[in-house]
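S.K.: I'll drop the sequence and a predicted model, then ask my questions.
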Amino acid sequence: MSEAGTGELRIPAGCATLASQPPRGAVAIAASRFNADVVQRLLDGAVARLEELGTGRDQVTVALVPGAWELPLACSRLAASGRYQALVGLGCVVRGGTPHFQYVCSETARGIARVSLDSGVPIGFGVLTCDTHEQALERSGGRHGNKGAEAVDAALEMAGLLAAVPGAG
């Protein structure tokens, strides 16, 4: 997503559209302990957003993992459980002086996308991939908003859309 954020689209006249309803049910959040100060802010933002949308804390499960690399496996197991309408993956990877950053970021994103496609469970991608710690703070409740809350919005919107697809379920 660009820095401009999500916008509104007009459905062209004559086209059908699916009416997505905000889903109700359990949500799981997989959160990385690496860069915990940033991820805590993402997690707090995600839980606050879920509460704003009417999901009680008793419907939220948080699974902690060591780092972003482990998020796809945790999401896979959470999705396979069949207990959650949507998942959210939260993490933070800050660029260092080696190629390690690129491997972790690309494989985390690829793994989470694969889990979502294979399981059919929407996963909000709240993994920050920043050049500096300061950029991460700006995106975890600073001047660029809270990407944890935005990941919740994306996951729940997709859960509502998928529930509206005829023959799904």
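M.R.: Done, it's in.

S.K.: For the protein, which segments count as helices?
M.R.: Remark: helices assigned in the chain by DSSP state H are 36-52, 71-80, 100-119, 133-138, 147-164.

S.K.: Output the contacting helices and strands for the longest one.
M.R.: Applying 3 or more CB pairs under 8 Å, 6 or more residues apart in numbering; DSSP states H and E, one finds that helix 100-119 makes contact with helix 71-80, strand 86-94, strand 123-130. (Each C-beta comes from the backbone N, C-alpha and C, glycine too.)

S.K.: Show me the contact partners of the last one.
M.R.: In this structure, residues lying in contact with strand 123-130 by CB atoms under 8 Å, 6 or more residues apart in numbering are 32, 38, 42, 46, 68, 71, 75, 79, 86-95, 101, 105, 108-109, 112-113, 115-116, 135-136, 139-140, 147-148, 150-156, 158.

S.K.: strands paired with it, and their directions?
M.R.: Strand 123-130 sits in its sheet next to strand 86-94 (parallel), going by DSSP bridges.

S.K.: Now do the contacts for F34.
M.R.: Here F34 is in contact with 66-68, 91-93 (criterion: CB under 8 Å, 6+ apart).

S.K.: still on that earlier bit, export the helices of the chain to a markdown table and tack on mean neighbour count, distance to I11 and mean pLDDT?
M.R.: Below are those laid out as a markdown table (neighbours: other CB atoms under 10 Å; distance: least, CB to CB, whole Å; pLDDT from 0 to 100):
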| stretch | mean neighbour count | distance to I11 | mean pLDDT |
| --- | --- | --- | --- |
| helix 36-52 | 20 | 26 | 97 |
| helix 71-80 | 20 | 30 | 98 |
| helix 100-119 | 16 | 25 | 96 |
| helix 133-138 | 17 | 34 | 97 |
| helix 147-164 | 22 | 14 | 94 |
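
S.K.: Can you pull up the most central residue in this structure?
M.R.: G124 (2.2 Å; CA atoms, centre = their mean).

S.K.: Was I right to think V39 contacts V88?
M.R.: No. V39 is beyond contact range of V88, at 11.7 Å (criterion: CB atoms under 8 Å).

S.K.: ok, now how distant is V39 from S81?
M.R.: 22 Å (CB to CB, to the nearest Å).

S.K.: oh sorry, the question was meant for A13
M.R.: In terms of CB to CB, A13 sits 43 Å off from S81.

S.K.: again, but for L161
M.R.: Going from L161 to S81 by CB to CB gives 22 Å.
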